[in-house]
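**Q** Output the structure for:
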Amino acid sequence: MKTFFLLYFLTLASLFIYLFQDPELEESIKRGSEIYADFCVTCHLEAGEGVLHTFPPLAKSDYLLENREASIRGVKFGQQAEIVVNGISYNSAMPNPGLDDEEVADVMNYILNSWGNSSDKIVTLEEVEAIQK
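**A** Just a heads-up that it's a prediction; the model follows:
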């Protein structure tokens with residue numbers, strides 16, 4: 001009987017996830033994971049943990065979630081100012097990765113929905129285009 005309820009619950013949960021996931025966001029996250037692997041993983045590492053006092057963590061990052069526009073600007077143009085992430089200061093330069101606006105949106109969607117981060121709002125191409133240096 002316990003097995004039946006477990007299977008029933010898992011089936012309902014899977015159905016819920018399938019029916020209510022945003023296909024546009026899922027595709028963006030998939031593309032973003034490839035961009036992350038090509039441009040970001042060297043410094044921020046596989047699980048987004050970064051390097052203490054050198055490269056800020058992206059995993060469970062309060063900065064990303066509280067500073068959405070600044071985070072997008074940093075990915076779009078590079079980052080040179082001191083930032084505080086999860087209570088720790090980081091002041092190393094991040095060069096402009098040379099991504100186009102759609103790639104910036106995709107990698108931001110990947111980062112904002114990975115490693116303990118969760119964003120209920122998709123980063124759109126229009127949002128990235130509107131951000132100026």
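
**Q** can you pull the contacts of the residue nearest to the spatial centre of the chain?
**A** Centroid-nearest residue in the chain, with Cα atoms, centre = their mean: residue 111, separated by 1.2 Å. Counting by Cβ atoms under 8 Å, 6 or more residues apart in numbering, residue 111 touches 32, 36, 40, 48, 58, 64, 117. For every residue, glycine as well, the C-beta is placed using N, CA and C.

**Q** which among the residues you listed gets closest to residue 93?
**A** Each of the contacts of residue 111 was scored against residue 93 by Cβ to Cβ, and residue 40 proved nearest at 14.7 Å.

**Q** any idea how far the residue nearest to the centre of the chain lies from residue 56?
**A** Per Cβ to Cβ, to the nearest Å, residue 111 is found 11 Å from residue 56.

**Q** can you give me the helices in this structure?
**A** Secondary structure of the chain (DSSP state H): helices at 2-20, 23-39, 41-44, 62-66, 68-77, 101-112, 125-130.

**Q** Average pLDDT for the fifth one, rounded please.
**A** Helix 68-77 shows an average pLDDT of 97 in the prediction.

**Q** buried sites along that helix?
**A** The neighbour-count check on helix 68-77 (16 or more other Cβ atoms under 10 Å) flags 68, 71, 72, 73, 74, 75, 76, 77 as buried.

**Q** which of those residues lies closest to residue 93?
**A** The nearest member of the buried residues of helix 68-77 to residue 93, counting by Cβ to Cβ, is residue 74 at 10.6 Å.

**Q** Now do the contacts for the nearest residue to the closest one once chain neighbours are set aside.
**A** Ranked by Cβ to Cβ, 6 or more residues apart in numbering and with sequence neighbours excluded, the top spatial neighbour of residue 74 is residue 94, at 6.3 Å. With contact taken as Cβ under 8 Å, 6+ apart, residue 94 is in contact with 43, 74, 78, 79, 80.

**Q** can we see that at 7 Å?
**A** Residues near residue 94 by Cβ atoms under 7 Å, 6 or more residues apart in numbering: 74, 78, 79.

**Q** Check residue 119 too.
**A** Each residue near residue 119 by Cβ under 7 Å, 6+ apart is listed here: 65, 112, 113.

**Q** That concludes my questions; thank you for your assistance.
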